[in-house]
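Undergrad: sequence and predicted model, in that order:
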Amino acid sequence: MNALRNSTLLHTAIIAALAGGALMGGYEATQGGGEEPVTQVTSTPASTTKVKPVSFTAAGPGQCLTWDVTEDGKATNFTTVDCAENHRFEISSREDLATYPSSEFGADAPAPDITRQAQLREELCKQQTITYLGGKYDPTGVYSIASILPPADNWAAGDRTMLCGVQTTDDAGNITVSSGKAQNQDQSRVAERGECIAIDSANGSHKVDCGEPHSYEVTAKVNLADVFDHPPTTEEQDAHLKDACTKAALDYMGGDDPLYFSTLAVYWTTIPTASWNAGSTSANCGLFHPGANGFATLQGSATGEFTIDGHPPEQRPERRPLRNPPAQ
């Protein structure tokens, strides 16, 4: 069968709306209200010297950050952790907006709004982060390029630090935890065995509870880097995944008969060459039912009771037994 490619999922970043609200409050709570800038006054009253404000964090490129999120969305316990541990952000670079070639971020300037932060992320973070990742970044993959600004009090006191880095998010744009250095990770945005995927009218795919309407149910995640030492063509992927995903379906359903009577068909995704070269090497195997637009609407898990376009699976005739069954 022809494989249908997995669609790009929604990506978001830590931008002004977050940095200016709950997340910034989290920094302050962690640092006891934030470190105030040091202002020194000389012995001559007519002369003052301002010392550069202390940054809200000393963390730099290659380090990872994490924080807790309260029920009302505020970030607390902001801290630096080993990247091997669960974390929410990996720093690729530190940028000092005070050196930006304009008076835009002067002493009395407000923090940039959402639109301006997105522009700064593109101008200052994108290439720095791609370089940090060794030149491999899949914009359709699991990582998003993001930025963090100082807490409101620190900004008002003159801190113009901006952290660039990568993070992972769910379909709703919520920052999720990951582990391991991003440079060493498969960037594929794929689902795990037992998860269900809904494909919307714009061809975007989203993880949903299997009790909700969905397009296919995942039976396995296959890292094709274990098979190919080069960017495989779609035909090469199809040839390997046809067998691998059939075996995964039989294992998932508990045998040939359960798969046959389910009326579901084997499905797999493939990896575009550009994504492979950018660091995404995994595909998904799944089960689906053909429909008018490619996928019928499934509801419920294939391993239990489920419907196809609102109806139970059609009854299939019993299959003839083997003419010469194997000797016991």
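TA: Nice, thanks for sending it over.
Undergrad: identify the residue nearest residue 138 in space, chain neighbours excluded?
TA: The shortest distance from residue 138 to any non-neighbouring residue, by C-beta to C-beta, 6 or more residues apart in numbering, is to residue 278 (3.7 Å). All C-beta spots, glycine's among them, are computed from the backbone N, C-alpha and C.
Undergrad: pretty sure that neighbour is in contact with residue 134, am I right?
TA: No. Applying C-beta atoms under 8 Å as the test, residue 278 and residue 134 come out as separate, 10.7 Å apart.
Undergrad: with neighbour numbers in mind, choose between those two.
TA: Taking other C-beta atoms under 10 Å, residue 278 and residue 134 do not tie; residue 278 has more neighbours (19 against 11).
Undergrad: so what's the backbone phi/psi at that one?
TA: phi -90, psi 0 (degrees, to the nearest 10).
Undergrad: kindly report the same for residue 266.
TA: The phi/psi pair for residue 266 (degrees, to the nearest 10) is phi -80, psi 140.
Undergrad: please list all residues in contact with it.
TA: 1, 242, 245-246, 249, 285-287 (C-beta atoms under 8 Å, 6 or more residues apart in numbering).
Undergrad: which of those residues fall within helices?
TA: 242, 245-246, 249 (DSSP state H).
Undergrad: low-confidence regions, the chain specifically.
TA: Filtered on pLDDT under 70, the chain yields the residue ranges 1-52, 321-328.
Undergrad: show me the helices in the stretch 201-328 of the chain, by range?
TA: With DSSP state H, counting those that start in this stretch as the criterion, the stretch 201-328 of the chain has helices at 234-253, 256-262, 273-277.
Undergrad: tell me which of those sits nearest to residue 59.
TA: Each of the helices of the stretch 201-328 of the chain has some distance to residue 59 by C-beta to C-beta; the shortest is helix 273-277, at 29.9 Å.
Undergrad: CA atoms only for the closest one - export them in CSV, please.
TA: Taking C-alpha atoms only, helix 273-277 is exported to CSV below (Å, rounded to 0.1, in the frame of the first residue of the first chain):
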residue,chain,number,x,y,z
THR,A,273,14.5,13.3,2.7
ALA,A,274,14.7,16.8,4.1
SER,A,275,13.5,15.6,7.5
TRP,A,276,15.9,12.7,7.5
ASN,A,277,18.9,15.0,6.7
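Undergrad: any buried residues in that helix, and which?
TA: 275-276 (16 or more other C-beta atoms under 10 Å).
Undergrad: quick one: contacts of it?
TA: Contacts of helix 273-277 (C-beta under 8 Å, 6+ apart): 136, 138, 140-141, 187-188, 231-232.
Undergrad: ok, residue 188 touching residue 271?
TA: Yes. Counting by C-beta under 8 Å, residue 188 does reach residue 271; the two are 7.2 Å apart.
Undergrad: can you list residues touching both of these two?
TA: Contacts common to residue 188 and residue 271, judged by C-beta under 8 Å, 6+ apart, are 280-283.
Undergrad: do I have it right that residue 313 meets residue 262?
TA: Yes. With contact defined as C-beta under 8 Å, residue 313 and residue 262 form a contacting pair (5.9 Å).
Undergrad: so what sits against both of the two?
TA: Common neighbours of residue 313 and residue 262 (C-beta under 8 Å, 6+ apart) do not exist.
Undergrad: find the nearest non-adjacent residue to residue 200, please.
TA: Residue 200 sits nearest to residue 206 (C-beta to C-beta, 6+ apart), 6.9 Å away.
Undergrad: from residue 189, how far out is that neighbour?
TA: Per C-beta to C-beta, to the nearest Å, residue 206 is found 11 Å from residue 189.
Undergrad: quick one, which of the two is more surrounded?
TA: Shown here are residue 206 and residue 189; by other C-beta under 10 Å, residue 189 has more neighbours (22 against 18).
Undergrad: any idea how far the residue nearest to that one when sequence neighbours are not counted is from residue 294?
TA: Nearest non-adjacent residue to residue 189, counting by C-beta to C-beta, 6+ apart: residue 142, 4.7 Å away. According to C-beta to C-beta, residue 142 stands 24 Å off from residue 294.
Undergrad: show me which of those two is the more surrounded one.
TA: Neighbours of residue 142 and residue 294, each counted by other C-beta under 10 Å, are more numerous for residue 142; the result is 23 against 11.
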